[in-house]
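In: attaching a predicted model along with its sequence, questions to come.
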Amino acid sequence: MITVRERNLESRKVVDCPFTISRLRNPFMQTYLHSAILGALSEMGGAPDDFQPEFQQPGNPDHGDLACNAAMQLARHFRKAPRQIAEDLKIHLEALPVDPDRISAIEVAGPGFLNFRFSDVYLFKALSSVLEAGASYGRTHSGEGKRALVEFVSANPTGPLTVGHGRNAVLGDTVANLLEWTGFEVDREYYFNDAGRQMRILGESVQARYLAAVNPDLATKMIGDPPDETSVPEPFPEDGYLGGYITDIAIKLVGQDGLDPNDSEQFKKAAEKTIFADIEGTLGRMGIKMDAFFNEKSLYDSGQVWDIVEKFRELDLAYDKDGAVWLKTTAFGKEQDTVLVKSSGEPTYRLPDIGYHVDKLKRGYDRIVDIFGADHIATFPDVVAGTRALGFDADRIDVVIYQFVTLVRSGQPVKMSTRKATFVTLDELMNEVGEDVTRFFFLMRSPNTHLEFDLDLAKEASDTNPVFYLQYAHARIQSILRKASELGLGNGLEADVTLLTHDAEITLMKTLMGLPDSIVRAATHSEPHRLAGYLREVAVAFSQFYNHCRIVGEEEKLAAARLQLARATALVLCNGLTVLGISAPDRM
RNA sequence: GCGCUUGUAGCUCAGAUGGAUAGAGCGUUGGAUUCCGGUUCCAGAGGCCGGGGGUUCGAAUCCUCCCAAGCGCGCCA
């Protein structure tokens, strides 16, 4: 067995600084070892037909780079002790032999793990391939030829986007990016309804403010309960929108030609237009561009929703009661049936929701991602079950439910109320902490945990702020590259990456190998925080490298090799941040 | 009351398909650094993984019961 790596390990034992080894991911190596182990097993008398060896990334560096638990899984099958099976496997693997350019050592450890160590040659090749791939390093092909639709934001245009919408928007856009990086062709879609009650009240709210603006003598009234009573113009709807932006829109309409002050529909249209422009502007600041805005109204215009009611009736999943049409959600495991069409003849929101998803499925998407707030948690299962009952492949629908955001300032939660219009808008948040920080903070936690957004931390430009830590690592590398290029360091030299043997260099190379798999995992689970966490590992590994391995001032051949490693690190950080929609500055 | 989500270090959170001694950041304590950017690095302390029971070679992870928090439970969206 070739033990280049082993020798390095030996020599490294005297190195004074133990490193926190980041866990690396490597699907290509797994594929290779997977078939090697099956090969060895067949020589040992064969495993069950459906047996698949499983791999894991050990957290402890003493356990190698990749571990396999096949021996433990097969203990019953072979009726032997796991460690004995592991020893046999090791012997057979070494006799194959496994490629010494990939694997430098196989060890049996613990209850029966097989621990594999990667050869340095393999790491050097991986480093070269990072540099070769450049700006596309991290892209994979599993989604190639497939189409995905990500539906997100989907706020009706009744007001500016709030902090809560921000989490939705950033999650959706980033999931879309992740899918693109795994090969999918992705459409970003915004679903809205301008025909409902909300929008009617919006129009009436603007209208009332307008009437007050053109007639200072207009009577006023008090609405709301003490102590939150507010004085509003007399025509103002009881549950109207109180935000200042309503008055702004109204004032802009004063003196406009052809405006009929008695037609609330006109005010609604005007408000919708202004607010949508505002929303698109806010999204644009975060780098978000929708491919389509889907109006719920089109589902009625095309008659699709009524076809669906008929199909449910045919399937005996819908029935009439009290003048309304009911959907048998009890058939989907719910406690009660729910109304699909009100006795007034208007559908409830559930019907168009099902219709919209049927429409998406009919458009042939292979994967449909919905980003919903926690308040939808009880309703989306009906939608999914409904489309399935109609004969569609509902498994293509992936619903991401995110919990709500609490802004924290000086250790205290910031109180927000939509009703009183005391919410913090997304624009205000970005004004305060910046676009990059806003995106990152929304992405760095798992969607299904409550997000505590610490404004003080977000504004801090120091290592305590995780965004700055990542961006700083990138800026620092660029600074080194600039310096090296000024000095003409490594010019005309072919970098010999085999000179990279320091612990910190090895760790960094292993970490850099993880980007593609990190993106794949984040994409398949629709969980961007996994990528954010990985990038932090990269920044940590780089900082350790930076601290122990100099470039400028080092012997020129070694410096040239380290420059390559630094370049590769910058690429990984830049590509990863790009997927997250965050800038990778050259200077800070 | 019912459903879904959550409960891991003082705080904010990771923890992959069930794997080896449960991890990080902040904070705290102590140290390093004449230097390519001090927006850096290293180390220590700190844990009944909400609690009980179960499944198995092995459980923070799966099942079950209990406790606590958030969200929802309308002919509102």
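Out: Now that the structure is in, tell me what you want to look at. Numbering: from 1, shown residues only, chains lettered A, B, ... in the order given.
In: every contact and neighbour count from this point should use C-alpha atoms.
Out: Fine.
In: near RNA strand B, which residues of the stretch 451-588 of chain A?
Out: For the stretch 451-588 of chain A, the residues in contact with RNA strand B (CA under 7 Å from any atom of the strand) are A:451-452, A:461-466, A:468-469, A:472, A:475-476, A:479-480, A:483, A:530, A:533, A:540, A:543-553, A:586-588.
In: show the buried residues in these.
Out: A:451, A:465-466, A:468-469, A:472, A:475-476, A:480, A:530, A:540, A:543-546, A:549, A:551-552, A:586 (16 or more other CA atoms under 10 Å).
In: inside strands: which ones of those residues?
Out: If you go by DSSP state E, those have A:Leu451 in strands.
In: so the closest residue to A:Val309 other than its chain neighbours versus A:Ala331, what's the distance?
Out: When the adjacent residues along the chain are set aside, A:Val309 lies closest to A:Ala318, with 7.2 Å between them (CA to CA, 6 or more residues apart in numbering). For A:Ala318, the distance to A:Ala331 equals 10 Å [CA to CA, to the nearest Å].
In: of the two, which one has the most company?
Out: For the pair A:Ala318 and A:Ala331, the greater number of neighbours falls to A:Ala318 (21 against 13), based on other CA atoms under 10 Å.
In: okay, and the beta partners of that one?
Out: When bridges are assigned using DSSP bridges, the partners listed for A:Ala318 are A:Leu327.
In: state the phi and psi torsions of the residue most central in space within chain A.
Out: Relative to the mean C-alpha position of chain A, the nearest C-alpha, by CA atoms, centre = their mean, is the one of A:Pro528, at 2.8 Å. Its backbone dihedrals place A:Pro528 at phi -60, psi -20, with angles given as degrees, to the nearest 10.
In: for it, which non-adjacent residue is closest in space?
Out: Take A:Pro528 and drop its neighbours on the chain: the residue closest to it by CA to CA, 6+ apart is A:Ala522, 5.3 Å away.
In: the one you found - that's part of a helix, no?
Out: Yes: secondary structure of A:Ala522 (DSSP: H, G, I helix; E, B strand; the rest coil): part of a helix.
In: need the longest helix for chain A.
Out: Assignment by DSSP state H gives helix A:556-580 as the longest helix of chain A.
In: circling back to that earlier point, ok, the residue nearest to A:Pro528 - contacts?
Out: A:178, A:528-531 (CA atoms under 8 Å, 6 or more residues apart in numbering).
In: domain assignment for chain A?
Out: For chain A, whose domains are defined here by automatic domain parsing, the residue ranges read A:4-118, A:125-142+A:463-580, A:156-174+A:290-399, A:197-285, A:405-459.
In: do the fourth one and RNA strand B meet?
Out: Yes: shown here: domain A:197-285 in contact with RNA strand B (CA under 7 Å from any atom of the strand) through A:197-198.
In: how close does the most far-flung residue of chain A relative to its centre sit to A:Glu234?
Out: Counting by CA atoms, centre = their mean, the extreme residue of chain A relative to its mean C-alpha position is A:Asp217, 52.7 Å from that point. Distance check for A:Asp217 against A:Glu234: by CA to CA, it reads 11 Å.
In: buried residues of whichever strand or helix holds A:Leu38, list them for me.
Out: According to DSSP states H and E, A:Leu38 maps onto helix A:27-43. Of the residues in helix A:27-43, those buried by neighbour count under the rule 16+ other CA under 10 Å are A:30, A:33-34, A:36-41.
In: likewise for stretch A:391-410?
Out: Those would be A:392, A:394, A:397-408, for stretch A:391-410 by 16+ other CA under 10 Å.
In: before we move on, the earlier item: show me what contacts the residue nearest to A:Val309?
Out: A:Ala318 makes contact with A:309, A:312, A:325-328 under the criterion CA under 8 Å, 6+ apart.
In: could you rerun that using 7 Å?
Out: Applying CA atoms under 7 Å, 6 or more residues apart in numbering, one finds that A:Ala318 lies in contact with A:312, A:325-328.
In: and for A:Ala135?
Out: Listed by CA under 7 Å, 6+ apart, the contact set of A:Ala135 reads A:571, A:575.
In: can you pull the pLDDT of it?
Out: For A:Ala135, the pLDDT comes out at 94.
In: over to it: give its phi and psi.
Out: Dihedral pair for A:Ala135: phi -60, psi -10, per degrees, to the nearest 10.
In: quick one: it from RNA strand B, how far?
Out: A:Ala135 sits 21 Å away from RNA strand B, going by CA to the nearest atom of the strand, to the nearest Å.
In: circling back to that earlier point, and of the contacts of A:Ala522, the nearest to A:His357?
Out: Out of these, the one with the shortest distance to A:His357 is A:Leu178. That distance is 21.9 Å, counting by CA to CA.
In: isn't that closest one up against A:His525?
Out: No: with contacts counted by CA atoms under 7 Å, A:Leu178 stays clear of A:His525, the gap being 10.3 Å.
In: so which of the two has more stuff around it?
Out: Neighbour tally, A:Leu178 and A:His525, criterion other CA under 10 Å: the higher count belongs to A:Leu178, 27 against 12.
In: A:Gly166 is in what secondary structure piece?
Out: With elements taken from DSSP H and E, the one containing A:Gly166 is helix A:163-181.
In: and the contacts of that helix?
Out: When contacts are taken as CA under 7 Å, 6+ apart, the neighbours of helix A:163-181 outside the stretch itself are A:139-140, A:150, A:152-153, A:186, A:288, A:371, A:404-405, A:424-426, A:439, A:442-443, A:519, A:523, A:526, A:528, A:579-581.
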